[in-house]
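# sequence unavailable; structure follows:
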């Protein structure tokens, strides 16, 4: 009961925070309400292009799910992968650290006839490729445009982005370690479980260790299989790069929708990579607060003082709130499945 009560309070707090931010960016000075009064000068075609960028992210995500799953489950269809992708996006958007997406995808794919071992391996492979591509993307942004951003941004924000990059790199390092060094991985996990047990933070060390080792075995096998399939690895990296570029380009489309054209698309896409690096460190659903704040800071150099607030809200509406609205109906699929399983 206490756990459920605490979860309700947490979810309610996030909802309140999101509503407060929405109201602020709508009704404050130079907010969305002021923009609506001058809507005739707004370029709606570019805003539509931003929505297409977001949809491109969703479609490419479904394509990647099918690509990874079909390598072991030959008959897996794109429409099933699309449903899985929509469910994953919804639960990722409403859970801390996007932690709810993959478990619900594995659950749905089991109902679609995909063995949980295959779907888990596919999700692990997809996660590994996504994180690797994001780290490479961020590294390229830092190397290519570090001088530009260091001249135009507060030093603190740039270093915060660098910390985010280091965290992303550390995640990749851990993933690689877990992928290729089974003995060392088991020793590290065993040591951590022993430490937690001594601190009385872990009740059943052996059972916990057994469950973790089972998951690690999936992890080892799936990643080793990915590196054996060079064609799958290359094609998935290309698609993931296109997926991330499609999503990162939304901010540039919002910029052009306001009638601006002085900034380059490359600079704005690099700035969006920095926003992503900063936001990834916040363990709230949708990185609430951090996403809006980092976008406001990083993109103030491109927008005017009168347009940065509505630009932040429009970007957030396209990349987050509209995704929830689009994918929410698909969450009913898993709810119906759970109800039917309970009644069976």
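Thanks, I have it. All of these numbers come straight from a predicted model, not from anything done at the bench.

# so how many other residues sit close to the closest residue to residue 246 other than its chain neighbours?
Excluding its sequence neighbours, the residue lying closest to residue 246 (Cβ to Cβ, 6 or more residues apart in numbering) is residue 56, at 3.6 Å. In short, each C-beta sits where N, CA and C put it, glycine included. Residues near residue 56, counting by other Cβ atoms under 10 Å, number 17.

# tell me the secondary structure at residue 56.
The three-state label for residue 56, taken from DSSP: H, G, I helix; E, B strand; the rest coil, comes out as helix.

# measure it to residue 63 for me?
Separation of residue 56 from residue 63 (Cβ to Cβ, to the nearest Å) stands at 10 Å.

# low-scoring stretches of the chain, by residue?
By pLDDT under 70, the low-scoring segments of the chain are 1-41, 155, 179, 201-202, 215, 218-219, 222, 283-289, 333-344.

# how about the strands in it?
Here the chain has no strands by DSSP state E.

# quick one, longest helix in it?
Ranked by number of residues, the top helix in the chain under DSSP state H is helix 116-152.

# ok, now which ones touch the residue nearest to residue 246?
Applying Cβ atoms under 8 Å, 6 or more residues apart in numbering to residue 56 gives the contacts 242-243, 246-247.

# ok, now with 10 Å
242-243, 245-247, 249-250 (Cβ atoms under 10 Å, 6 or more residues apart in numbering).

# rewinding a little: other SSEs contacting the longest helix of the chain?
helix 44-70, helix 78-93, helix 101-111, helix 155-180, helix 205-228, helix 230-248, helix 265-279 (3 or more Cβ pairs under 10 Å, 6 or more residues apart in numbering; DSSP states H and E).

# repeat that with 6 Å
Counting contacts by 3 or more Cβ pairs under 6 Å, 6 or more residues apart in numbering; DSSP states H and E, helix 116-152 is packed against helix 44-70, helix 101-111, helix 155-180, helix 205-228, helix 230-248, helix 265-279.

# which residues does the second one contact?
Taking Cβ atoms under 6 Å, 6 or more residues apart in numbering as the criterion, the residues outside helix 101-111 that touch it are 84, 87-88, 91-92, 116, 119-120, 123, 334, 337.

# what residues of it count as buried?
By 16 or more other Cβ atoms under 10 Å, the buried positions in helix 101-111 come out as 101-102, 104-109, 111.

# how near is the residue nearest in space to the middle of the chain to residue 131?
Nearest to the geometric centre of the chain sits residue 98, at 6.5 Å (Cα atoms, centre = their mean). Residue 98 is 12 Å from residue 131, where distance means Cβ to Cβ.

# overlap in contacts of these two?
Residues touching both residue 98 and residue 131 (Cβ under 6 Å, 6+ apart): none.

# chain neighbours aside, what residue packs nearest to residue 294?
Residue 294 sits nearest to residue 278 (Cβ to Cβ, 6+ apart), 4.2 Å away.

# ok, that neighbour - contacts?
By Cβ under 6 Å, 6+ apart, the contact set of residue 278 is 160-161, 164, 294.

# just send the residues you listed back as a markdown table, with neighbour count too.
Formatted as a markdown table, the contacts of residue 278 follow (neighbours: other Cβ atoms under 10 Å):
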| residue | neighbour count |
| --- | --- |
| 160 | 19 |
| 161 | 26 |
| 164 | 22 |
| 294 | 26 |
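
# tell me the two of these that are most distant?
For those, the farthest-apart pair by Cβ to Cβ is 164 and 294; their separation is 9.3 Å.

# does residue 100 touch residue 91 like I think?
Yes. Using Cβ atoms under 6 Å, residue 100 makes contact with residue 91 at a distance of 3.7 Å.

# between the two, who's got more neighbours?
residue 91 (23 against 18).

# distance check, residue 79 against residue 321.
According to Cβ to Cβ, residue 79 and residue 321 sit 25 Å apart.

# ok, residue 164 next?
For residue 164, the distance to residue 321 equals 23 Å [Cβ to Cβ].

# got it, and residue 231?
37 Å.

# cool, and residue 312?
Relative to residue 321, residue 312 is positioned 12 Å away (Cβ to Cβ).

# and the two? Which one has more around it.
More neighbours surround residue 312 than the other of residue 312 and residue 321, with 27 against 15 (other Cβ under 10 Å).

# thought that one was touching residue 296?
Yes. Using Cβ under 6 Å, residue 312 is in contact with residue 296, at 5.1 Å.

# and residue 117, how many neighbours?
Neighbour count of residue 117, defined by other Cβ under 10 Å: 14.

# same deal with the one 5 residues further on?
Residue crowding around residue 122 was assessed by other Cβ under 10 Å; the count is 30.

# residues contacting residue 132?
Residues near residue 132 by Cβ under 6 Å, 6+ apart: residue 172.

# please repeat the previous calculation with a cut-off of 10 Å.
168-169, 171-172, 175-176, 233, 237, 240.
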